[in-house]
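Colleague: here's a sequence, model it:
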Amino acid sequence: MKELTASGQTVDEAIQSALEQLNTTKDQVEIDVIDEGKKGLLGLFGSKRAIVKVTIAKNPIQEIEHFIKEITDKMNVNVEVTTITKGNHVTFEMHGENIALLIGKRGQTLNALQYLVHLALNKDNKQFYTVTLDAEGYRGRREETLRSLAWKMADKATRLNKKVALEPMPAFERKIIHSALQKQGKVSTYSDGVEPHRHIVIKP
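Modeller: Take a look at the predicted model:
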């Protein structure tokens, strides 16, 4: 984190001086006024310069991009990260070769990485963020698979007229199943079990 102490005839002048030296803008920094200074007699005698400490505020989202690259490098996968921020939701999209290693069986590795990224982004951060970690569009493909699975299992539940339990999956994936069958009048859905074995039950 870069910081600089600067002085000027006024607080504003001291801040401006620091911003120019750091080559940044006011919205990117944290300002600590050490001494407001004093004009002195006739603006000359006994005057005291204002002193400020200006620190470039860390960008938590940029730091997480580096964090993702560090983890994936240790897994011997070289990735490029594209970040999309909408309000307090951040999507990190990873691109690169051998991306299947980062996805794992049914997305288990990707889900574990997403959990880590979520924890890291919200550690010591004033704003709370929700996170999606994607790899070459896997999340979209997985969503389609889950919707198909939901409809197929709903048909099975109505055909056999009995409950059908699905495999355990994380909360955001269970939500896709619930949503897919919400307006399907023939079945209802609920979650059962304890994490990490919590799963959906489809009931006629």
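
Colleague: element containing the closest residue to Gln182 other than its chain neighbours, please.
Modeller: Setting aside the residues directly before and after it, Gln182 is nearest to Thr189 in space (C-beta to C-beta, 6 or more residues apart in numbering), at 8.0 Å. From N, CA and C alone the C-beta is placed, and that goes for glycine too. Element membership for Thr189, per DSSP states H and E: strand 188-192.

Colleague: just want the most central residue of this structure.
Modeller: Among the residues of the chain, the one closest to the centroid is Val131, at 3.7 Å (C-alpha atoms, centre = their mean).

Colleague: wait, that residue touches Leu119, no?
Modeller: No - counting by C-beta atoms under 8 Å, Val131 stays clear of Leu119, with 9.2 Å between them.

Colleague: what's the neighbour count on the closest residue to Val79 other than its chain neighbours?
Modeller: Nearest non-adjacent residue to Val79, counting by C-beta to C-beta, 6+ apart: Gly96, 4.0 Å away. Neighbour count for Gly96, taken as other C-beta atoms under 10 Å: 15.

Colleague: ok, Arg141 next?
Modeller: 12.

Colleague: confirm it sits in a helix?
Modeller: Yes - Arg141 forms part of a helix when assessed by DSSP: H, G, I helix; E, B strand; the rest coil.

Colleague: circling back: any idea how far the residue nearest to Val79 lies from Asp12?
Modeller: Taking C-beta to C-beta, to the nearest Å as the measure, Gly96 falls 47 Å from Asp12.

Colleague: cool, and Thr83?
Modeller: Taking C-beta to C-beta, one finds Thr83 at 34 Å from Asp12.

Colleague: same question, Ala120
Modeller: For Ala120, the distance to Asp12 - C-beta to C-beta - is 37 Å.

Colleague: more crowded one of those two?
Modeller: The neighbour comparison of Ala120 against Asp12 (other C-beta under 10 Å) goes to Ala120, with 17 against 11.

Colleague: in contact with the more buried one, which residues?
Modeller: Ala120 is in contact with 64, 67, counting by C-beta atoms under 8 Å, 6 or more residues apart in numbering.

Colleague: assign it to helix, strand or coil.
Modeller: Here Ala120 is helix, with the state taken from three-state DSSP.

Colleague: hmm, back to that, touching, the residue nearest to Gln182 and Leu181? I think so.
Modeller: Yes - counting by C-beta under 8 Å, Leu181 is a contact partner of Thr189 at 5.3 Å.

Colleague: any common contacting residues for these two?
Modeller: Ile202.

Colleague: where does the prediction get shaky in this structure?
Modeller: Across the chain, the ranges flagged by pLDDT under 70 are 1, 40-46.
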